[in-house]
Structure formats: structure tokens, C-alpha cells
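>>> This is the structure alone, sequence omitted:
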């Protein structure tokens, strides 16, 4: 999987997880959604993406070729 796609999957998962947890447990989980949104906006302006560094350290995007097609 490309690094760019992995970042989108990670952000979407975090948003859906925080929405679910806010519904089931506490509205404070919506702060996670806000944090993800702020990080997406700041990375668009600065080029710095914490998720990119995390995923790179886990080896995502180092394959070099297409995975499934």
C-alpha cells in the first residue's frame, strides 16, 4: 500500500473510532476527531505529518511495486 493511502486509512479509522467511542462512552472522544482534523490541515500547510513518520518507521510504503493489481 502506498504511504499516502495508508495515511488516509489511518485518519479515517481514527475519526470513525472516535465517533463510535464518543457515542458509547464520552463526548470527550470527539477531541480525537478534532486532533486528526487539525493535523490534516497543518500538514497541508507545513508538509509535516506525524502519521507519515509513524507509518514509515513501521515499514509502510517501502515495497516499491503495486500490491494487488
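Okay, I see it. Note that the structure is a prediction, hence the values are computed from the model and not measured. Numbering: from 1, shown residues only.
>>> the helices in this protein, which residues?
Using DSSP state H, the helices of the chain run over 3-24, 30-46, 50-57.
>>> Quick one: list the elements packing against the shortest one.
Read that as helix 50-57. Secondary-structure packing of helix 50-57 (3 or more C-beta pairs under 8 Å, 6 or more residues apart in numbering; DSSP states H and E): helix 3-24, helix 30-46. Glycine gets a C-beta too; all of them are placed from N, C-alpha and C.
>>> Include mean neighbour count and mean pLDDT when you put the helices of the chain into TSV, please.
TSV is the format used below for these (neighbours: other C-beta atoms under 10 Å; pLDDT from 0 to 100):
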stretch	mean neighbour count	mean pLDDT
helix 3-24	14	94
helix 30-46	13	95
helix 50-57	14	90
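>>> which non-adjacent residue is nearest the spatially most central residue of the chain?
The centroid of the chain falls nearest to residue 11 when counting by C-alpha atoms, centre = their mean (2.7 Å). Of all residues not flanking residue 11 in the chain, residue 36 sits nearest, at 5.5 Å (C-beta to C-beta, 6 or more residues apart in numbering).
>>> got a list of what that neighbour touches?
11, 14, 15, 18 (C-beta atoms under 8 Å, 6 or more residues apart in numbering).
>>> Not counting residues beside it along the chain, what's closest to the last one?
Read that as residue 18. For residue 18, the closest residue by C-beta to C-beta, 6+ apart turns out to be residue 32, at 3.8 Å.
>>> Next one: the one you found from residue 42, what distance?
With distances taken as C-beta to C-beta, to the nearest Å, residue 32 is found 16 Å from residue 42.
>>> before we move on, what about residue 49?
On the measure of C-beta to C-beta, residue 49 and residue 42 end up 9 Å apart.
>>> Same check on residue 22?
Residue 22 is 23 Å from residue 42, by C-beta to C-beta.
>>> and what of residue 58?
22 Å.
>>> Could you do residue 16 as well?
According to C-beta to C-beta, residue 16 and residue 42 sit 21 Å apart.
>>> Pull the contacting residues for the nearest residue to residue 52 once chain neighbours are set aside.
Of all residues not flanking residue 52 in the chain, residue 7 sits nearest, at 6.1 Å (C-beta to C-beta, 6+ apart). Counting by C-beta under 8 Å, 6+ apart, residue 7 makes contact with 49, 51, 52, 55.
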